[in-house]
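In: when you get a sec, could you give me coordinates for this:
(2 chains)
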2 protein chains.
Amino acid sequence: MRIGMLGTGVVGQTLEGKLTELGHDVKVGSRDPARSFEAAAAHGELIFNATAGGASLNALRMAGADNLAGKVLVDVSNPLDFSHGFPPILTVCNTDSVAEQIQREFPDARVVKSLNTVNANVMVDPALVPGDHNLFVAGNDDGAKAEVRALLEAFGWPAERLIDLGGIDAARALEMYLPLWLRLFQAAGTAHVNIQLMRARE
Amino acid sequence: MRIGMLGTGVVGQTLEGKLTELGHDVKVGSRDPARSFEAAAAHGELIFNATAGGASLNALRMAGADNLAGKVLVDVSNPLDFSHGFPPILTVCNTDSVAEQIQREFPDARVVKSLNTVNANVMVDPALVPGDHNLFVAGNDDGAKAEVRALLEAFGWPAERLIDLGGIDAARALEMYLPLWLRLFQAAGTAHVNIQLMRARE
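Out: Numbers count the residues shown, from 1 in each chain, chains lettered A, B, ... in the order given. Below is the predicted model:
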């Protein structure tokens, strides 16, 4: 599949590497005109937003609404602002989320929130963390979520560990989890951590 | 131990029942003058705040700073506001938390945040949920956290499943987890859910 990767940080690079290994044709975009957000988005049949959450809307504007329309847009971002030190604050939360902002501004994009709750290495190699730990998807378009689940399974996530949390407003919960993730990272002493949902058997 | 239980909702009642079963002398307080917050706080050597997060500061003011000074104050509250429907919003989050508000206003109380991440039944009977799922503590006073850990172990939480997340500012992470907890509750179809921290072995 042709994939547009918006963002050249660790997350973008890690996802690009895995997708390329899986045989996808990935074009990476950044603010650099030589490999622009627009060119990457135009290339992709499916787009990843791996930019920083606070910069995502601007990056997507540079990508262009026409280049997003009708396409699955996987939002991996987190609105973390470390400029005031630790713990970071979120640039948007509680009554809104980056994913919802994106879906509102680009209503023709098929936004799916996922992958933002784990470290980049774990995203593409879930076996780095033992146990049946979970990953989440949220979005308004069931077909888009199914496409993303298929990609996640190709990354190594067993289907039964992917939990659908509902519509794109569930992205608030996934983004607001990040402060706890950061604390778990600190407590565990490794970024290769994740949570496993345990539930009573009926 | 003499314990003051502030709050007569499901959480307060459930904690009262378990603590009484364990042999503690619990006095419950509410806005009702017949069993006031003040009387409950005066009675307790250790206090639980099991009031709604948005009402906690007022309840503690009614309890009286003198009745809290020097005592361990276990803050179980969540600042959930369902008045706008689902998903609820938090009345405080991101740059602050109920627990921090309490600690600031009552600097002589030894505030420990815990138990707010699970359903009331699970709080006092962790075996309702299978697996080695975790519970968290946060607070500035290590001695206070040790007292709370001992109580939690008496509730049935094995010591190795209690994770110390650091100072009282970690309460932000625990309170901001609630929107995800609500989604997990929905996805699992039962409130008897919890998360287990999985980490890479070094």
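In: run through the helices of chain A in chain order.
Out: All helices of chain A, identified by DSSP state H, fall at A:10-21, A:37-43, A:56-63, A:98-105, A:120-124, A:142-155, A:171-176, A:178-188.
In: tell me which of the ones you listed is the most buried.
Out: Among the helices of chain A, helix A:171-176 has the highest mean neighbour count (mean count of other Cβ atoms under 10 Å in any protein chain shown), at a mean of 27. All C-beta spots, glycine's among them, are computed from the backbone N, C-alpha and C.
In: that one - contacts with which helices or strands?
Out: Applying 3 or more Cβ pairs under 8 Å, 6 or more residues apart in numbering or on different chains; DSSP states H and E, we find helix A:171-176 packed against helix A:98-105, strand A:110-114, strand A:135-139, helix B:178-188.
In: what comes into contact with it?
Out: With Cβ atoms under 8 Å, 6 or more residues apart in numbering or on different chains as the test, helix A:171-176 has contacts from A:53, A:75, A:78-79, A:90, A:92-100, A:113, A:116-117, A:136, A:138, A:165, B:87, B:93, B:176-177, B:179-180, B:182-183.
In: how near is the residue nearest the centre of chain A to chain B?
Out: Using Cα atoms, centre = their mean, the residue of chain A that lies closest to the mean C-alpha position is A:Val76, 1.5 Å off. For A:Val76, the distance to chain B (Cβ to the nearest Cβ, to the nearest Å) stands at 17 Å.
In: which residues touch the closest residue in space to that residue that isn't next to it in sequence?
Out: Nearest non-adjacent residue to A:Val76, counting by Cβ to Cβ, 6 or more residues apart in numbering or on different chains: A:Leu115, 4.6 Å away. Contact analysis of A:Leu115 by Cβ under 8 Å, 6+ apart lists A:74, A:76, A:123, A:135, A:152.
In: same thing but at 7 Å, please
Out: Residues in contact with A:Leu115 (Cβ atoms under 7 Å, 6 or more residues apart in numbering or on different chains) are A:76, A:123, A:135.
In: quick check: bridge partners of the last one?
Out: According to DSSP bridges, the partner residues bridging A:Leu135 are A:Leu162.
In: give me the number of residues near it?
Out: The number of residues packed near A:Leu135 is 22, by other Cβ atoms under 10 Å in any protein chain shown.
In: so who does it touch?
Out: Neighbour list for A:Leu135: A:114-115, A:117-118, A:152, A:157, A:161-162 [criterion: Cβ under 7 Å, 6+ apart].
In: same question for the first one.
Out: A:Val76 sits next to A:11, A:48-50, A:114-116 when contact means Cβ under 7 Å, 6+ apart.
In: mind redoing it with 6 Å?
Out: If a contact means Cβ atoms under 6 Å, 6 or more residues apart in numbering or on different chains, then A:Val76 has A:11, A:50, A:115-116 as its contacts.
In: just curious, which of those is nearest to chain B?
Out: A:Asn116 (11.7 Å; Cβ to the nearest Cβ).
In: that closest one: neighbouring residues, count only.
Out: Neighbours around A:Asn116, by other Cβ under 10 Å: 28.
In: I'd say it and A:Asn78 touch.
Out: Yes: counting by Cβ atoms under 6 Å, A:Asn116 touches A:Asn78, with 5.1 Å between them.
In: find the nearest non-adjacent residue to A:Ala42, please.
Out: Nearest to A:Ala42 is A:Asn67, by Cβ to Cβ, 6+ apart, at 4.8 Å.
In: which ones are touching A:Glu147?
Out: A:Val72.
In: also the one 10 residues further on?
Out: For A:Trp157, the contacting residues are A:126, A:135, taking Cβ under 6 Å, 6+ apart as the criterion.
In: okay, it: pLDDT?
Out: pLDDT, A:Trp157: 98.
In: now do the contacts for the closest residue to A:Ala39 other than its chain neighbours.
Out: Computed as Cβ to Cβ, 6+ apart, the closest residue to A:Ala39 that is not its neighbour in sequence is A:Gly29, at 6.0 Å. Going by Cβ under 6 Å, 6+ apart, A:Gly29 touches A:6, A:35-37, A:39-40.
In: and what of A:Val193?
Out: A:Val193 makes contact with A:184-185, B:199, according to Cβ under 6 Å, 6+ apart.
In: just name the closest of those to A:Val129, please.
Out: Within these, the smallest distance to A:Val129 is 6.6 Å, found for B:Arg199 (Cβ to Cβ).
In: against chain A, how distant is that closest one?
Out: Relative to chain A, and taking Cβ to the nearest Cβ, B:Arg199 is found at 4 Å.
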